[in-house]
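*Asks:* got a sequence here, can you build the structure:
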Amino acid sequence: MVDLPPTLAARRDQMFPVFDAAEIERLSRFGEPRRFRAGEALVSEGQVGLGLNLILSGGVRVSYRDAAGQEREVATYERGGFTGEVGQLAGRPALVTIRATADTEAAAIPPKQLRALMIEEADLGERVMRALILRRVALLEVGGGGPIIVGPEGHPDVVRLEGFLARNGHPMHHLDPGGDPTAAQIIERFHLQPDELPIVLCPDGQLLRNPTEGQLARCLGLVGTLDPDKVHDVVVVGAGPAGLASAVYAGSDGLSVLVLDCRAFGGQAGASARIENYLGFPTGITGLALMARAYTQAQKFGVEVAIPDKVVRLAAASDGTFTVDLADDERVRARTVVIASGAAYRRLQTVETDAFEAASIHYWASPLEARLCCDQEVVLVGGGNSAGQAAVFLSQHVAKVWMLIRRDRLDERMSSYLVERIAARPNVEVVPRSEVCGLVGHAGVLEAVRWRDVRTGAVTERPVRHLFLFIGAEPETAWLAGSGVALDNRGFVVTGTDAAHPLETSLPGVFAVGDVRSGSIKRVAAAVGEGAQVAAAVYAHLARTRRPEPA
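*Replies:* Here you go, the predicted structure:
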């Protein structure tokens, strides 16, 4: 059985619960009986399976192949056990191979019925959901069932692909040909040249050469072809806190919901190293953990999620519905639309950053970035709460954090608990009234950062390979051009003007929530509150405008 980290080993019973006879009977009504011969695969890694399999008799063995191609056992299940992890809620391809160890009978519970189980059998559903989530966490820890990325450590495209998978909560392996013999064997086997790296080996056997995030997502089954003829009750554009809250509440009300996002679930909140002022989490929680729970919760209520799928245009149709055009020439239709596209990270205005953005400039601080700059000096620009959280997190991994702010003191814009925590970190130095004035490096990799004291003009240069920017964001509203949705003079969406609801835009049936909305409070809790509020408004709008079904 897979070796678990201590925090997960203590929860082994929750990861692998065994149901008794009465519970098996309650669960079995959601599935169809299936029989498997000894040695037969219920599902193979990379293939879309049957969903959750409740073992009625016999037994199964669950395994995955590691980066070296060796089979690793995850678990074995007998009567009362069940297979699956959280990806089965949405019918994703399996991350593991499940094979019968004896003649076996199982109740196969497909995703739709699994979601019904969660609702109708709440106590059993809670145990199932907890197990599915913990199993995904375990696979993330060991990289089980994920793609293999082969490329040099710190290579811009390796960082890009790792970041995409990490922010979407998907397991992966990374092999550096500079020191990993397995990577060297793969390169030799496929006759690859150094300039052809990175490559990605998907669980189904496909080899991708430096794929885009969209190509990788489709290979892994994270996003599929959308039905252009289906009319969704609501399409939510953006999978940050506001968008996911909208989806959860609309989905729980029985509406058909599609969520689109061009990057990852969680938005900027998902990139937060730690959120400590969100109600109900007194010890704090990472942004990724909080948003992963919301993402899973949305799928529990039948919400369809497509990531990455970039929205490029919104238009009202003559029949009262809306069309949403995507960058890959796909189109979806909706009776209502919720704009939750948030904001794009702001770039520096004082220097050109494009040459270094892939490998050396970061807009969030996660364990991936911490690994890249471990024991090095880094420069962090920004004086808000996000910058403070990132500085505290990075200080636990790097030699020193140079924190550049435009104001005199941190407490002018930052919560007091973060100011106090930064003051207590000996390797964080706050540099007031300063701005970046130069970047030095080659081949896309930083070698030094220069900054200037705006009062004296004095310039400081430090050998730094990683620059973190937390200097605010601009609204993601370019895709609304020509839609009829009114924007304010800064590009944020205007709501509540001559509208039926405070969150409705100038285009009836289109709503806006979260950071993209003009006048919104830029807090996770506020975004979640608006998401809950807008779901009720969407429901009311549909009730007013839905045409009666033909007799």
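
*Asks:* got the end-to-end distance for stretch 209-222?
*Replies:* Stretch 209-222 has its terminal residues 18 Å apart, counting by CA to CA, to the nearest Å.

*Asks:* can you mark which positions in the one helix or strand E25 maps to are buried?
*Replies:* Taking DSSP states H and E as the definition, one finds E25 inside helix 21-28. By 16 or more other CB atoms under 10 Å, the buried positions in helix 21-28 come out as 23-24, 27-28. Every C-beta, even on glycine, is put in place using the N, C-alpha and C of the backbone.

*Asks:* assign R61 to helix, strand or coil.
*Replies:* Using DSSP: H, G, I helix; E, B strand; the rest coil, the three-state assignment for R61 comes out as strand.

*Asks:* still on that earlier bit, report the two of the buried residues of helix 21-28 separated the most.
*Replies:* Pairwise distances among the buried residues of helix 21-28 were taken by CB to CB; the largest, 9.5 Å, belongs to E23 and S28.

*Asks:* what do these two both touch?
*Replies:* Listed as contacting both E23 and S28 by CB atoms under 8 Å, 6 or more residues apart in numbering is no residue at all.

*Asks:* the buried residues of helix 21-28 into a markdown table, with extra columns for pLDDT?
*Replies:* Conversion of these to a markdown table gives the following (pLDDT from 0 to 100):
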| residue | pLDDT |
| --- | --- |
| E23 | 98 |
| I24 | 98 |
| L27 | 97 |
| S28 | 97 |
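
*Asks:* can you put those in TSV and add distance to L507?
*Replies:* As requested, the buried residues of helix 21-28 are arranged in TSV below (distance: CB to CB, whole Å):
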residue	distance to L507
E23	49
I24	51
L27	45
S28	48
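
*Asks:* which of these sits closest to E447?
*Replies:* Proximity of these to E447, judged by CB to CB, is greatest for L27, which lies at 58.9 Å.

*Asks:* so where does R79 fall, helix or strand?
*Replies:* Element membership of R79, judged by DSSP H and E, is empty: it is in no helix or strand.

*Asks:* give me the number of residues near it?
*Replies:* The local packing count at R79 equals 18, with neighbours defined by other CB atoms under 10 Å.

*Asks:* need the contact list for it.
*Replies:* If you count contacts by CB under 8 Å, 6+ apart, R79 has them with 24, 55-59.

*Asks:* now list the buried members of those.
*Replies:* Buried residues within the contacts of R79, counting neighbours by 16+ other CB under 10 Å: 24, 55-56, 58-59.

*Asks:* distance to T456 added to these, as TSV?
*Replies:* Formatted as TSV, the entries for the buried ones among the contacts of R79 read as follows, by distance: CB to CB, whole Å:
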residue	distance to T456
I24	75
I55	72
L56	77
G58	77
G59	74
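
*Asks:* now for those: which two are most distant?
*Replies:* Greatest spatial distance among the buried ones among the contacts of R79 (CB to CB): I24 and G59, at 14.6 Å.

*Asks:* enumerate every residue touching the spatially closest residue to I361 that is not a sequence neighbour.
*Replies:* Distances taken as CB to CB, 6 or more residues apart in numbering place L467 nearest to I361, at 5.0 Å, with adjacent residues excluded. Neighbouring residues of L467 by CB under 8 Å, 6+ apart: 356, 360-362, 378-381, 436, 439, 446, 449.

*Asks:* of these, which is the nearest to F82?
*Replies:* Using CB to CB, the contacts of L467 come closest to F82 at H362, 39.8 Å.

*Asks:* roughly how far does the closest one sit from F19?
*Replies:* For H362, the distance to F19 (CB to CB, to the nearest Å) stands at 45 Å.

*Asks:* between the two, which is the more surrounded one?
*Replies:* Neighbour totals were compared for H362 and F19, and H362 leads with 25 against 20 (other CB under 10 Å).

*Asks:* so what's the backbone phi/psi at the more buried one?
*Replies:* Phi and psi for H362, reported as degrees, to the nearest 10, are phi -130, psi 150.

*Asks:* what of the one 3 residues further on?
*Replies:* Here the main-chain torsion angles of A365 (degrees, to the nearest 10) amount to phi -120, psi 100.

*Asks:* so it sits against H466, correct?
*Replies:* No. In this structure, A365 is not within contact of H466 by CB atoms under 8 Å, at 9.8 Å.

*Asks:* more crowded one of these two?
*Replies:* The neighbour count for A365 versus H466, taken as other CB under 10 Å, is higher for A365 (29 against 25).

*Asks:* could you find the closest non-adjacent residue to the more buried one?
*Replies:* What sits nearest to A365 in space, not counting adjacent residues and going by CB to CB, 6+ apart, is A390, at 3.8 Å.

*Asks:* start to end distance for stretch 325-336?
*Replies:* This stretch, stretch 325-336, spans 14 Å end to end (CA to CA).

*Asks:* buried residues of that stretch, list them for me.
*Replies:* Buried positions in stretch 325-336, judged by neighbour count with 16+ other CB under 10 Å: 325-326, 332-336.

*Asks:* neighbours around D319, how many?
*Replies:* Around D319 there are 10 other residues, counting by other CB under 10 Å.

*Asks:* got it, and P228?
*Replies:* Residues within reach of P228, counting by other CB under 10 Å, total 10.

*Asks:* so what's it closest to, chain neighbours aside?
*Replies:* Computed as CB to CB, 6+ apart, the closest residue to P228 that is not its neighbour in sequence is R331, at 5.2 Å.

*Asks:* tell me the pLDDT at the one you found?
*Replies:* The confidence metric pLDDT takes the value 96 at R331.
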